[in-house]
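Student: no sequence on this one, just coordinates:
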């Protein structure tokens with residue numbers, strides 16, 4: 001079992017992207033630097049600030065795709081958490097390519 005705090009997961013993802021040659025930052029640090037990859041939590045992705053920033057990217061033709069990790073949480077999470085994630089649906093207004101990821105854990 002691997003239990004890692006969210007901050008450590010973000011750090012690892014940024015490091016992996018940079019090692020692969022991709023400019024990567026997490027939100028909100030990415031706001032002014034326009035990196036190739038932006039990591040954002042579901043709660044932050046539903047904020048007005050992020051949605052406006054992403055819409056600006058879309059208008060400027062600089063948005064390539066939106067990737068939703070652990071997408072099953074948007075409908076299987078506890079009711080209280082689901083209410084927090086409801087704002088993620090506003091990302092659909094970007095009208096762009098979406099990729100939905102799910103992690104499968106195999107135990108033997």
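Tutor: Perfect, I can see it now. Computed from a prediction, not measured in an experiment: that's the story for all the values here.
Student: helices of the protein, start to end?
Tutor: For the chain, helices defined by DSSP state H occupy the ranges 6-19, 42-45, 48-59, 73-76, 79-85.
Student: packing partners for the second one?
Tutor: This means helix 42-45. helix 48-59, helix 79-85 (3 or more Cβ pairs under 8 Å, 6 or more residues apart in numbering; DSSP states H and E). Placement of C-beta: from N, CA and C, glycine included.
Student: tell me the mean pLDDT for that helix?
Tutor: Helix 42-45 shows a mean pLDDT of 77.
Student: give the buried residues for that helix.
Tutor: By 16 or more other Cβ atoms under 10 Å, the buried positions in helix 42-45 come out as 42, 45.
Student: just how off-centre is that helix within its chain?
Tutor: Put simply, helix 42-45 sits 7 Å off its chain's centre (Cα atoms, centre = their mean, to the nearest Å).
Student: winner for burial among the helices of the chain?
Tutor: Among the helices of the chain, helix 42-45 has the highest mean neighbour count (mean count of other Cβ atoms under 10 Å), at a mean of 17.
Student: lowest-confidence stretch among the helices and strands packed on helix 42-45?
Tutor: Among the helices and strands packed on helix 42-45, helix 79-85 carries the lowest mean pLDDT (a mean of 64).
Student: so, low pLDDT: which residues of the chain?
Tutor: Low-confidence segments of the chain (pLDDT under 70): 1-5, 70-87, 103-108.
Student: now for the residue nearest the centre of it: which residues touch it?
Tutor: In the chain, the C-alpha nearest the mean C-alpha coordinate belongs to residue 40, at 4.1 Å (Cα atoms, centre = their mean). Residues near residue 40 by Cβ atoms under 8 Å, 6 or more residues apart in numbering: 26, 27, 50.
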